[in-house]
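Peer 1: build me a structure from this.
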Amino acid sequence: MLRTTLAELADHSRCPVVSGQASSGVSRSGPASEGWRGILQDRLVPLFGVGGAIVLQAASFGLQHAWGFPRGPVGVVLAGGWAVMLGLLRRHSGGLLSPILAHVVADATIAVLVLGCLR
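Peer 2: Below is the predicted model of the structure:
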């Protein structure tokens with residue numbers, strides 16, 4: 001799976017598509033964090049406890065990334081693991097600003113790395 005992802009980056013014919021996905025991710029960071037960490041995680045806490053809510057929102061977030069970049073199981077695991085960290089950050093900070101900023105910075109970093117394939 002990782003080799004496929006690296007091969008996609010090396011294939012310059014795919015760069016406009018991949019870079020478009022990565023750069024548009026920066027603008028979606030706030031709403032994504034608000035939805036998963038703000039709404040979903042908060043609604044799941046009374047049902048499953050804090051730990052269960054964080055894991056379930058992360059699993060949902062990871063599965064939503066199955067068709068993104070990187071796609072497939074690698075994308076699910078990377079995004080799901082990242083969502084656990086964002087969920088914990090949400091819990092410990094007591095608000096959404098910290099996870100939103102972390103998500104924006106991460107997506108911007110990915111965009112810069114992917115856009116580097118255009119050179």
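Peer 1: next, the buried residues of stretch 60-69.
Peer 2: 60-62, 64-65, 69 (16 or more other CB atoms under 10 Å). Glycine gets a C-beta too; all of them are placed from N, C-alpha and C.
Peer 1: just give me the closest of those to residue 81.
Peer 2: Ranked by distance to residue 81 (CB to CB), the buried residues of stretch 60-69 are led by residue 62 at 7.6 Å.
Peer 1: for the chain, give me the ranges with low pLDDT.
Peer 2: For the chain, the stretches with pLDDT under 70 are 1-29, 117-119.
Peer 1: one step back: which one of the buried residues of stretch 60-69 is nearest residue 110?
Peer 2: For the buried residues of stretch 60-69, the nearest to residue 110 is residue 69 (8.3 Å; CB to CB).
Peer 1: isn't that closest one right next to residue 75, touching?
Peer 2: Yes. Between residue 69 and residue 75 there is a contact under CB atoms under 8 Å: 6.9 Å.
Peer 1: now stretch 51-60: buried residues?
Peer 2: Those would be 53-58, 60, for stretch 51-60 by 16+ other CB under 10 Å.
Peer 1: okay, it in PDB with CA atoms only?
Peer 2: C-alpha atoms of stretch 51-60 as PDB (Å, rounded to 0.1, in the frame of the first residue of the first chain):
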ATOM      1  CA  GLY A  51     -12.300   7.100  25.400                       C
ATOM      2  CA  GLY A  52     -15.000   5.400  23.400                       C
ATOM      3  CA  ALA A  53     -16.100   8.700  21.900                       C
ATOM      4  CA  ILE A  54     -12.600   9.600  20.800                       C
ATOM      5  CA  VAL A  55     -12.100   6.100  19.300                       C
ATOM      6  CA  LEU A  56     -15.400   6.100  17.500                       C
ATOM      7  CA  GLN A  57     -15.000   9.700  16.000                       C
ATOM      8  CA  ALA A  58     -11.500   8.700  14.900                       C
ATOM      9  CA  ALA A  59     -12.700   5.500  13.300                       C
ATOM     10  CA  SER A  60     -15.400   7.500  11.400                       C
END
